[in-house]
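> I would like the atomic coordinates for the input below:
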Amino acid sequence: MSGYLLITVHWLDDRYHGVIGRGGPPEWPPSPFRLFQALVAGVARAGKLDTSAPSLRWLESLPAPMIIAPNSRPGQAATHFVPNNDGDRVPDRQGRLTGKKFQPTIMLGDPTLHYLWACQPAQEETQGVVAAARSLICLGLGVDMAFADARLVAEEQINSIPGIRWLPKSGTSDGGRTLRVPRVGSLDDILRSHQASLQRIGDDSSRPILSATERPRVFRGVLYTAPGFPLARPYQVFALRRVDGEFFPETQARLIHIAGMVRHAAIKAMDAKNGFPPPGVQDPKKWVDNFVAGHRNGRENHLQFSYVPLPSIGHEHADFGIRRVMIVAPNGHEADLQHLAEQLDGRELKREGGGEAPILEYLRGDGVTRQYTGSSKRWRTVTPVILPGCDDRKPAKAKKLLYAALRQSGVDQPCQFVWGPVPNFPNGLSAHSRDRQGRPIGYFRPDHLRRFTAVHACFEFENRQQGPLVIGAGRHYGFGLLAAVDDV
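Alright, predicted model coming up:
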């Protein structure tokens, strides 16, 4: 008999601390793979791994489940200082502290989460999953204490479950959030990772801490969508630093020069000969050429990294200098972005013609970054949008080109907007490329975009839109960067 396998998780608190990768943004909803890891840890702790293994292998073979989650909002980020894992070689504990950022997701309402798999389970398999669910003790970090249960439900019972429905989606990588889902082999890989961690720390098995190189890696990324829920493209932010650790401010007019330096560093870091491309890339040379360097090679649905310098805005004394750079990836490529960020952290950029160049330093987020990554209905351009064509000074044509720029960037919802050449922020540069005497002004532009119209614009969307938002023909190197007006 067909039906649904339902695993329900209840937290003891209304806060969840799981994140995507090292220092990454909060992971919400918790991925099915994270639940699978928690089930394996629970049965292993209870000494029931051998009896539960057949049911867990059956569970990992199922298609991606539906997730029903409570509404949520990001909590306040805080940095805690904890000792490094250095084997306690130095007796002075205070001298070994390192900062770790924690940002909880706050659940609004009942802190309960549901996972639903469409299946035809046998009695033995169901009983094994029920036993595994009842062994679960936390979901997220160690502070996220929880308990769970599992049962079979009919399709008509699903409609009565409250919460936001996150549905797995196939065939596209736009407009959703990629979550890790177990696949065949996930259980064996988790056990391998655990065994490797025990061997890494010798005979003392009281601290089974996984090393970064031995974390489980057998899972698949599945795109999840929820109706009306604002979602962000994955991003990583770097500060531009001097050797002494101070900010290295660049002038805003050199937008494309900064983006080009970061792009060059990314190509070098990912090159198969001299760098370290992500594991699993079948053709590293082609991947670097298309995805990292951004060469289209005639492809229509082209996916690539975007290198977006961030002007300093957000307070009355902001000078619009560029001290930060954001790398934005298409949805579904969080792992590639995380890998690139780890390789670029601490790398010195190369300035064309020589001279002092900044060093990239991984930045977990600050007040300036939040201007670009908020959620709002109203957005304003910080750098001008380069329209995908020339408007011939015709308002109707400019309006069509602005709509086209939004759609090309994955923004497809009703909105109203106004546009013009005047910047929206103090100290910003005009959208004009030349003054009345024909002299170059404003931002330097790539040669292939100089003939296109550039404008500043203010947008008001029908629904909240999640940042970062970069639109237009120059979006891959920082033109068309928008900031939220009422950031939350």
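
> Could you use CA atoms for every contact and neighbour count after this?
OK.

> Each with direction, which strands does the longest strand anywhere in the chain pair with?
Secondary structure of the chain per DSSP state E: the longest strand is strand 454-466. Paired with strand 454-466 in the same sheet, following DSSP bridges, are strand 375-381 (antiparallel), strand 385-386 (antiparallel), strand 415-420 (antiparallel).

> contacting residues around the longest one?
The list of residues contacting strand 375-381 from outside it, by CA atoms under 8 Å, 6 or more residues apart in numbering, reads 230, 423-424, 456-467, 480-488.

> shaky segments in the stretch 151-300 of the chain?
Within the stretch 151-300 of the chain, the stretches with pLDDT under 70 are 170-177, 199-214, 228-231, 297-300.

> hey, where'd the strands end up in it?
Using DSSP state E, counting those that start in this stretch, the strands of the stretch 151-300 of the chain run over 164-169, 177-182, 219-225, 235-241.

> For residue 113, find the nearest of the ones you listed.
Distance to residue 113, taken as CA to CA, is lowest for strand 164-169 among the strands of the stretch 151-300 of the chain, at 9.8 Å.

> what sits up against the longest strand of the chain?
With contacts defined as CA under 8 Å, 6+ apart, strand 454-466 is touched by 228, 230-232, 373-387, 413-424, 430-432.

> Do you have the helices of the chain handy? List them.
Secondary structure of the chain (DSSP state H): helices at 32-45, 49-60, 123-133, 155-158, 186-200, 255-270, 284-287, 334-344, 367-372, 395-408.

> do you know which of those helices lies nearest residue 67?
With CA to CA as the measure, helix 32-45 is the member of the helices of the chain nearest residue 67 (8.4 Å).

> Return the distance of that closest one from the chain's centre.
The chain centroid and the centroid of helix 32-45 are separated by 24 Å under CA atoms, centre = their mean, to the nearest Å.

> now swap in stretch 118-128 and tell me
The answer for stretch 118-128 is 35 Å, by CA atoms, centre = their mean.

> now stretch 444-455
29 Å.

> Spit out the contact partners of residue 41.
When contacts are counted by CA under 8 Å, 6+ apart, residue 41 touches residue 136.

> Please tell me the pLDDT value assigned to it.
Residue 41 is assigned a predicted lDDT (pLDDT) of 94.

> Distance of it relative to residue 78?
Noted for residue 41: a distance of 28 Å to residue 78, by CA to CA, to the nearest Å.

> Ok, residue 118 next?
39 Å.

> hmm, back to that, winner for burial among the strands paired with strand 454-466?
Greatest average neighbour count among those goes to strand 385-386 (a mean of 28), per mean count of other CA atoms under 10 Å.

> residue ranges of the strands in the stretch 1-150 of the chain, please?
3-11, 15-16, 66-69, 71-74, 78-83, 97-102, 105-108, 112-119, 146-153.

> who does the second one pair up with?
Read it as strand 15-16. Strand 15-16 has these partner strands in its sheet, going by DSSP bridges: strand 105-108 (antiparallel).

> Buried ones in the partner strand, by neighbour count?
Buried residues in strand 105-108, counting neighbours by 16 or more other CA atoms under 10 Å, are found at 105, 106, 107.

> Out of those, the closest to residue 357 would be?
Using CA to CA, the buried residues of strand 105-108 come closest to residue 357 at residue 105, 37.7 Å.

> number of nearby residues for residue 160?
The local packing of residue 160 (other CA atoms under 10 Å) involves 7 other residues.

> Tell me the spacing between it and residue 14.
Separation of residue 160 from residue 14 (CA to CA): 22 Å.

> Then residue 62?
Applying CA to CA, the value for residue 62 to residue 14 is 29 Å.

> how about the strands paired with strand 454-466, which one is nearest residue 369?
Closest approach to residue 369 among the strands paired with strand 454-466 is made by strand 375-381 (12.6 Å; CA to CA).

> What residues are bridge-paired with the residue nearest to residue 243 when sequence neighbours are not counted?
Using CA to CA, 6 or more residues apart in numbering and skipping the chain neighbours, the partner closest in space to residue 243 is residue 359 (7.3 Å). Residue 359 forms beta bridges with residue 241, residue 348, as assigned by DSSP bridges.

> next one: residue 380
When assigned by DSSP bridges, residue 380 has beta-bridge partners residue 458, residue 483.

> where does the stretch 1-150 of the chain have low pLDDT?
1-2, 21-25, 84-96, 99, 121-122.

> Could you rerun that using 90?
Flagging of the stretch 1-150 of the chain using pLDDT under 90 yields the residue ranges 1-4, 18-28, 50-51, 71-105, 108-109, 118-128, 141-142.

> Relative to residue 424, how far out is the residue of the chain most remote from its centre?
Computed with CA atoms, centre = their mean, the maximum C-alpha offset from the centroid of the chain is found at residue 437, amounting to 44.9 Å. To residue 424, residue 437 is 24 Å away according to CA to CA.

> thinking again about what came up before, list the buried residues for the longest strand of the chain?
By 16+ other CA under 10 Å, the buried positions in strand 454-466 come out as 454, 455, 456, 457, 458, 459, 460, 461, 463, 464, 465, 466.

> Stretch 250-258 too?
250, 252, 253, 254, 255, 256, 257, 258.

> Which members of those residues define the maximum pairwise distance?
Maximum pairwise distance among the buried residues of stretch 250-258 (CA to CA): 11.3 Å, between 250 and 256.

> who's in contact with residue 66?
115, 116, 117, 165, 166, 167, 168.

> one more time with 10 Å
Residues counted as contacts of residue 66 (CA atoms under 10 Å, 6 or more residues apart in numbering) are 6, 32, 114, 115, 116, 117, 118, 165, 166, 167, 168, 224.

> Report the beta-bridge partner residues of it.
Bridge pairing for residue 66 (DSSP bridges) gives the partners residue 116.

> Quick check: it vs residue 154, distance?
According to CA to CA, residue 66 and residue 154 sit 14 Å apart.

> how about the helices of the chain, which one is nearest residue 240?
Ranking these by their distance to residue 240 (criterion: CA to CA) puts helix 255-270 first, at 9.9 Å.

> now the angle from that closest one to strand 235-241?
If you take axes from the mean of the first three to the mean of the last three CA atoms, to 10 degrees, helix 255-270 sits at 110 degrees to strand 235-241.

> Distance from the chain centre to helix 255-270, please.
Helix 255-270 sits 20 Å away from the centroid of its parent chain (CA atoms, centre = their mean).

> and that helix with helix 334-344, angle?
Interaxial angle, helix 255-270 versus helix 334-344 (the same axes, to 10 degrees): 90 degrees.
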